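Visitor: Any chance you can model this:
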Amino acid sequence: MKMTFRWYGYDDKNTLDYIRQIPGMTGVVTALYTVPVGEVWPEDEVKRLHDYVTSHGLEMEVIESVPVSEDIKLHRGDYKRHIENFKENIRILSRHGVKC
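Guide: All right, here's what the predicted structure looks like:
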């Protein structure tokens, strides 16, 4: 079992330096909070986030959730595009060693 801590991004008052001080802590669980649901997460932003976390001596172990849009849930509107975008997000994250 790996010890991870929920981190809400760059503006989280619980900084990575604080999180790293928790005994046994090896990584964080986080997400990209600025990208609208159903859209592709820009790979450069994923890389930037990953690099930021690892530069603080932690791993970006897992993404809490790649959000599933209401269009996918209700099989309406842009659901086909959102499904393709969801799959692309999983591929992008996997290229950076992040589990979903």
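Visitor: Checking Glu39 next. Helix, strand or coil?
Guide: coil (DSSP: H, G, I helix; E, B strand; the rest coil).
Visitor: So it sits against Glu84, correct?
Guide: No: under the criterion of Cβ atoms under 8 Å, Glu39 is not in contact with Glu84, lying 11.1 Å apart. C-beta: built from backbone N, CA, C; applies to glycine.
Visitor: Looking at those two, which one has more neighbours?
Guide: Just comparing Glu39 and Glu84: by other Cβ atoms under 10 Å the higher neighbour count belongs to Glu39, 16 against 12.
Visitor: any idea which helix or strand of this structure has the worst average confidence?
Guide: For the chain, counting by mean pLDDT, DSSP states H and E, strand 59-63 ranks last in confidence among helices and strands (a mean of 90).
Visitor: Could you list every helix and strand in contact with that one?
Guide: If contacts are counted by 3 or more Cβ pairs under 8 Å, 6 or more residues apart in numbering; DSSP states H and E, strand 59-63 sits against strand 25-30, helix 43-55.
Visitor: hmm, try it at 10 Å
Guide: Applying 3 or more Cβ pairs under 10 Å, 6 or more residues apart in numbering; DSSP states H and E, one finds that strand 59-63 makes contact with strand 3-6, strand 25-30, helix 43-55, helix 79-95.
Visitor: any idea of the angle the longest one forms with strand 59-63?
Guide: It stands for helix 79-95. Inter-element angle recorded for helix 79-95 and strand 59-63: 160 degrees (by axes from the mean of the first three to the mean of the last three Cα atoms, to 10 degrees).
Visitor: quick one: contacts for Trp41?
Guide: Trp41 makes contact with 31-32, 34-35, 49, 63, 66, 85, 88-90, 92-93 under the criterion Cβ atoms under 10 Å, 6 or more residues apart in numbering.
Visitor: could you redo the last one with a cut-off of 6 Å?
Guide: In this structure, Trp41 makes contact with Leu32, Val35, Asn89, Ile92, judged by Cβ atoms under 6 Å, 6 or more residues apart in numbering.
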